[in-house]
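S.K.: just coords:
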């Protein structure tokens, strides 16, 4: 393995595949709305929603990497906030302006906009049904991330201590899924209880368990403790099971969430070695490095293509869906390159300075800013 940050480039590569899945479902949805996507292609495109859970597994890995170095917690929180907030606030302004400039739909639109923007600005929109996706498309996943960041300094040391057993994690998964399914009367996608952060806690817990177990393999030079056959089984059973009970047969979208978390945890364990070439290649690493910006911007690119071209009107079938997904990613990469340099990187740099002030000293052990 290479030394330094390049040794972990596969993490950026995994982000590229995650954003590819997310783009797939939104392209597929645009085609389906026009009747241009039918049959088995519909649940195939719907599987793309699980790209968000892949992002969550990657976040669990990178957060463990930073918190394992025991940084001052106040400064750590500041760094994470400045990693996410500047671009997200810009997205609130951009997408909020699009909503405000759209034809008025109801008298209370302004009040709802203000309340939704406030909840989003505080990252509480994941717990507020009218606000969860009211401003920024896909904003629910940012609420889940920020909720995880809030509890990560408590969870990560607990998992790294070895005190958490697999049965603890499985029990938590059962409780969360059962509670959510009961509250929802059956969890369905694009509903509040599918989006709310509690349902996705099992993804982080499953990921943390295996990341803590394989920390020296993932971030060091040790051999993997988990047998290859078990990693493959986790990947196949987790993703296959989630696909079956989720988009293909719609038996339980709630139970599909921890299953997909298990599958992507298996993928994470295979990524540094057996699947390294799939992730640590130049294209995947380049796209993954701007994945957050791509996530925020790709909704606007799809809307622009819908409004200004006839591509979605004429495109039909699987090859067209794949081609449009690649086109969206290519076009969004250009916008993301700009937002990375104009918003994300300055925000990260400012966050470091503010964090140093919060800690009262320089903390040089953080390494690469994930």
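M.R.: Structure received. Small disclaimer: the values here were computed from a predicted structure and weren't measured.

S.K.: Can you classify the residue lying closest to residue 148 once chain neighbours are set aside by secondary structure?
M.R.: The shortest distance from residue 148 to any non-neighbouring residue, by CB to CB, 6 or more residues apart in numbering, is to residue 204 (5.3 Å). Backbone N, C-alpha and C define where each C-beta goes, glycine included. In three-state terms, and counting by DSSP: H, G, I helix; E, B strand; the rest coil, residue 204 is helix.

S.K.: and the host helix or strand of residue 352, what other elements does it pack with?
M.R.: Residue 352 is part of helix 345-359, with elements assigned from DSSP states H and E. Under the contact definition 3 or more CB pairs under 8 Å, 6 or more residues apart in numbering; DSSP states H and E, helix 345-359 sits against helix 73-101.

S.K.: per-residue confidence averaged over the helix it packs on?
M.R.: Per-residue pLDDT over helix 73-101 has a mean of 92.

S.K.: That helix vs helix 345-359, what angle?
M.R.: Per axes from the mean of the first three to the mean of the last three CA atoms, to 10 degrees, the angle that helix 73-101 makes with helix 345-359 is 140 degrees.

S.K.: Give me the packing partners of helix 73-101, helices and strands only.
M.R.: Using 3+ CB pairs under 8 Å, 6+ apart, helix 73-101 is in contact with helix 109-121, helix 140-160, helix 291-308, helix 345-359.

S.K.: Compare those and give me the one nearest residue 265.
M.R.: Closest of these to residue 265 is helix 140-160, at 12.6 Å (criterion: CB to CB).

S.K.: Check which helices and strands the closest one is in contact with.
M.R.: With contacts taken as 3+ CB pairs under 8 Å, 6+ apart, helix 140-160 sits against helix 51-67, helix 73-101, helix 192-195, helix 197-213.

S.K.: Can you report how many residues neighbour residue 349?
M.R.: Neighbour count of residue 349, defined by other CB atoms under 10 Å: 12.

S.K.: helices and strands of the protein: which one has the lowest mean pLDDT?
M.R.: Ranked by mean pLDDT, DSSP states H and E, the helix or strand of the chain with the weakest confidence is helix 109-121, at a mean of 82.

S.K.: List the contacts of residue 241.
M.R.: Neighbour list for residue 241: 256, 259, 263 [criterion: CB atoms under 8 Å, 6 or more residues apart in numbering].

S.K.: make it 7 Å
M.R.: Residues near residue 241 by CB atoms under 7 Å, 6 or more residues apart in numbering: residue 259.

S.K.: circling back: now the helices and strands packed on helix 73-101 in CSV, with distance to residue 86?
M.R.: Shown next, in CSV, are the helices and strands packed on helix 73-101 (distance: least, CB to CB, whole Å):
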stretch, distance to residue 86
helix 109-121, 12
helix 140-160, 12
helix 291-308, 11
helix 345-359, 3
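
S.K.: Go through these and find the least confident stretch.
M.R.: Of all the helices and strands packed on helix 73-101, helix 109-121 has the smallest average pLDDT, which comes to a mean of 82.

S.K.: Need the residues that contact that helix.
M.R.: Against helix 109-121 from outside (CB under 7 Å, 6+ apart): 89, 92, 96, 99-100, 125, 128, 130-131, 134-136, 139.

S.K.: Now flag whichever of those is closest to residue 64.
M.R.: Among these, residue 139 lies closest to residue 64 (CB to CB), at 24.9 Å.

S.K.: So for stretch 28-43, first residue to last residue, what's the gap.
M.R.: Here the two ends of stretch 28-43 are set 10 Å apart, with distance taken as CA to CA, to the nearest Å.

S.K.: buried stuff in it?
M.R.: Buried positions in stretch 28-43, judged by neighbour count with 16 or more other CB atoms under 10 Å: 28-32, 36-37, 41, 43.

S.K.: Then stretch 327-339?
M.R.: Buried-residue list, stretch 327-339, by 16+ other CB under 10 Å: 327-329, 331-333, 335-336, 339.

S.K.: Which of the residues in stretch 275-289 are classified as buried?
M.R.: Across stretch 275-289, burial judged by 16+ other CB under 10 Å covers 275, 278-280, 284-285, 287-289.

S.K.: Which one of those residues is nearest to residue 79?
M.R.: Using CB to CB, these come closest to residue 79 at residue 289, 17.8 Å.

S.K.: Please list all residues in contact with that closest one.
M.R.: Applying CB under 7 Å, 6+ apart, we find residue 289 in contact with residue 12.

S.K.: Next: residue 223.
M.R.: Contacts of residue 223 (CB under 7 Å, 6+ apart): residue 217.

S.K.: SS state for it?
M.R.: With three-state DSSP as the basis, residue 223 sits in coil.

S.K.: any idea how far it is from residue 42?
M.R.: 42 Å (CB to CB, to the nearest Å).

S.K.: do the same with residue 250
M.R.: In this structure, residue 250 and residue 42 are 11 Å apart, going by CB to CB.

S.K.: now residue 192
M.R.: Distance from residue 192 to residue 42, counting by CB to CB: 23 Å.

S.K.: Could you do residue 222 as well?
M.R.: 43 Å.

S.K.: Equivalent analysis for residue 111, please.
M.R.: Distance of residue 111 to residue 42, computed by CB to CB: 37 Å.

S.K.: so where is the stretch 101-250 of the chain shaky, pLDDT-wise?
M.R.: Scanning the stretch 101-250 of the chain with the threshold set as pLDDT under 70 gives 102-110.

S.K.: Over to the stretch 251-370 of the chain?
M.R.: Residue ranges of the stretch 251-370 of the chain with pLDDT under 70: 361-370.

S.K.: Kindly recompute the last result at 50.
M.R.: 363-370 (pLDDT under 50).

S.K.: coming back round to it: and the contacts of helix 109-121, which is closest to residue 57?
M.R.: Closest to residue 57, out of all of these and judged by CB to CB, is residue 139, at 19.8 Å.
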